[in-house]
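**Q** Sequence and predicted structure below; questions after.
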Amino acid sequence: MLLGLAGNSCIGHILRCFRAKTHSSFTSPINSFQFSRSIYCATMASAAAGETRTEPVYFSDTYLFSFDKASVLKAEKLEGDSNDYAVVTDQTIMHPQGGGQPSDQGEITTSVDGTDVVFQVKQVSKAKDSQEIKHIGCFSSGSAELLPVGQTVKMTINEDMRRLHARLHSAGHLLDTALNRLNASDLIPSKGYHFADGPYVEYIGNVANEERDKLMASMNEVLSDLVKENIATQITVGDSGERIVSIAGLPCPCGGTHVKSTAEIGPMKVTRMKKNKKNMKMSYSLESS
């Protein structure tokens, strides 16, 4: 399974790599095409025979906002009274909701015998343990009959939304790096929510009430330094074929989209620390998010 693409947050998987002091178990960075194909082939080899499969092209380039090489595998009307359909293609640049990250939105277009087909993608989804990525939405022009199997289509995503999602997701990882620099080993990340309407990371552990303001101030100083240092994001393939994303040097299995460097996250800060049952919830914000 590709970590971070289903319902569980990729941050939960940091439990086995958080505070890592070395990258010796990971391969060195490789080019985008090799990376995308390596992850895709490793995943496809373990998929069930006969299952519809979609290659996640977004793995190789967060900033690929348009793509004209996808082919339709199926287009089916959803159950119920709505006019929504699910379109599945052999490749996609659209990230499905999962791993604490929101879904991309955009459109799928083509022309068949002079008729323009425009499919508005409102939601992208991927079921747990499935390799099929579904684009959910409706036709503003044309119909499903004009999207036969094998039809080549063009995908365009909402660029502003993708850039924001990447910043928010990478910022969530940067909290972990900041804690690592502060040697706050009592806090272990367990859950992430990288949505614009109140992003946060939950940590296993506790910080005493009287220590929270001090930790928040220290965190914000370190976060400011990390952004200014403009540390490049590293994406590698692990020994078991999993995708490893390192934000400011801290590796984590993750299937999300991320910025190229910490400078692209922009100014950020921890806004609140609150006890949530047995966990500590750390809320954060981005400038202009």
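**A** Noted; the coordinates are in hand.
**Q** which residues in the stretch 51-200 of the chain form strands?
**A** With DSSP state E, counting those that start in this stretch as the criterion, the stretch 51-200 of the chain has strands at 55-56, 66-77, 85-89, 91-92, 106-112, 115-126, 133-141, 152-157, 188-193, 200-204.
**Q** just checking, what packs against the last one?
**A** Same thing as strand 200-204. helix 159-181, strand 188-193, strand 279-286 (3 or more Cβ pairs under 8 Å, 6 or more residues apart in numbering; DSSP states H and E). For every residue, glycine as well, the C-beta is placed using N, CA and C.
**Q** Check the fourth one too.
**A** When contacts are defined as 3+ Cβ pairs under 8 Å, 6+ apart, strand 91-92 sits against strand 55-56, strand 66-77.
**Q** In three-state terms, label L223 for me.
**A** At L223 the chain is in helix, as set by DSSP: H, G, I helix; E, B strand; the rest coil.
**Q** And for it, nearest residue in space, chain neighbours not counted?
**A** Leaving out its chain neighbours, the residue that sits closest to L223 by Cβ to Cβ, 6 or more residues apart in numbering is A178, at 5.2 Å.
**Q** same deal with S71?
**A** D90 (4.9 Å).
**Q** swap in T89?
**A** Take T89 and drop its neighbours on the chain: the residue closest to it by Cβ to Cβ, 6+ apart is A70, 4.2 Å away.
**Q** Give me the residue at the spatial middle of the protein.
**A** Averaging the C-alpha coordinates of the chain gives a centre point, and the residue nearest to it by Cα atoms, centre = their mean is G256 (1.9 Å).
**Q** can you pull the contacts of that one?
**A** G4, C10, H95, G99, G100, Q101, H165, A166, H169, H194, V245 (Cβ atoms under 8 Å, 6 or more residues apart in numbering).
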